[in-house]
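Generate a structure from the sequence data that follows.
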Amino acid sequence: MSTVSIVDQNNNEVKTRELNPAVFGLDADEGFVHRVYASLAAAQRAGTSAVKTVGQVSGGGKKPFKQKGTGRARQGTTRAHHMRHGGTAHGPSADTTFTSRVNKKERRRALCLVLSSCLRDGKLTVVDKIELPEVKTKGFVQMLNAFDSDGALVVLAEPDRNVELSGRNIKNTEVLLDGQINIHNLLKSKRVIMTEAAVERLEERLS
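Numbering: from 1, shown residues only. Below you'll find the model as predicted:
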C-alpha cells in the first residue's frame with residue numbers, strides 16, 4: 001500500500017496514512033486515460049455551426065425550365081445544391097452530436113489512474129483539514145505559499161463557504177468537492193491539495 005504524509009495548512013507533517021492501492025496505487029495507462037479524456041471533452045462540444053439543405057432554402061418551388069427540348073440537363077428546382085443560391089449538401093448540422101460511449105466503470109478507472117499518477121508525480125498533497133476564519137483571499141494565498149504553489153485544485157469533503165469564496169478569484173485555482181472532480185481538473189492542475197476526509201470519501205466511492 002502507498003503511504004502519504006498528512007500535513008497541516010502550514011505544510012508541517014502531522015502524521016502518515018496508508019492509501020488504498022485500488023485508487024492511488026495503479027500503474028500508468030496513458031492510452032486508456034486519453035481515450036476517456038477525449039470522450040469527455042467531445043461530449044462538451046456543441047453543434048454551433050449549421051447550413052441549410054435543399055429543403056430548408058426558401059424559394060425554388062417552380063421548375064426553372066421545361067423538362068425537354070432545351071438541350072440542358074433537366075432541373076426540378078433552382079435551390080439544388082449545385083445551383084447558385086442553392087442548399088448545401090452534406091454540410092454541418094446543429095443537431096450533430098460528438099459523444100462517444102464511455103461507461104461508468106471506465107470513467108471510474110480513469111479517475112483512479114489519474115489520482116495514482118498525481119501521487120506518483122508528487123503533485124498530490126493531503127492535509128488534515130482546511131479552515132479559514134473569514135472570507136479573505138490573503139489567507140488562501142498564504143496557504144498556497146506554504147505549499148510553494150501559486151495555484152492549485154483544492155478538494156474538500158464538505159462545503160465550506162469561507163474556503164470556496166476565498167479561493168475563487170485566484171488564478172489557476174479551483175475549489176471543488178470530492179464528488180465534483182474529474183480527470184480534466186486533475187490533469188490541468190499543477191498541484192492538488194486534498195483534505196484527508198476527501199481522500200476517505202474517494203476511496204470509499206472508487207474502490
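
Packing partners of the helix ranked longest in the chain?
Criterion DSSP state H: the longest helix present in the chain is helix 104-120. Using 3 or more C-beta pairs under 8 Å, 6 or more residues apart in numbering; DSSP states H and E, the elements in contact with helix 104-120 are helix 21-24, helix 30-43, helix 183-188, helix 196-206. Backbone N, C-alpha and C define where each C-beta goes, glycine included.

I'd like the next helix or strand past that helix.
Proceeding C-terminally, helix 104-120 gives way to strand 124-127 as the next helix or strand, assigned by DSSP states H and E.

ok so, going back, so which of the helices and strands packed on helix 104-120 gets nearest residue 157?
Minimum separation from residue 157 across the helices and strands packed on helix 104-120 (C-beta to C-beta) falls at helix 196-206, 3.6 Å.

okay if I get the helices and strands packed on helix 104-120 as a markdown table plus distance to residue 8?
Converted to a markdown table, the helices and strands packed on helix 104-120 look like this (distance: least, C-beta to C-beta, whole Å):
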| stretch | distance to residue 8 |
| --- | --- |
| helix 21-24 | 21 |
| helix 30-43 | 32 |
| helix 183-188 | 23 |
| helix 196-206 | 11 |
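
Between those helices, which one is closest to residue 161.
Among the helices and strands packed on helix 104-120, the nearest to residue 161 by C-beta to C-beta is helix 196-206 (16.8 Å).

report the angle between the axes of that closest one and helix 104-120?
140 degrees (axes from the mean of the first three to the mean of the last three C-alpha atoms, to 10 degrees).

Report the separation between the most centrally placed residue in the chain and residue 143.
Nearest residue to the geometric centre of the chain (C-alpha atoms, centre = their mean): residue 184, 3.9 Å. Distance of residue 184 to residue 143, given as C-beta to C-beta, to the nearest Å: 24 Å.

again, but for residue 119
In terms of C-beta to C-beta, residue 119 sits 20 Å off from residue 143.

I'd say residue 134 and residue 162 touch.
Yes - Residue 134 lies in contact with residue 162 (C-beta atoms under 8 Å); the separation is 6.2 Å.

which of these two has more neighbours?
residue 162 (16 against 9; other C-beta atoms under 10 Å).

Please pick out the residue of the protein most distant from its centre.
residue 69 (62.3 Å).
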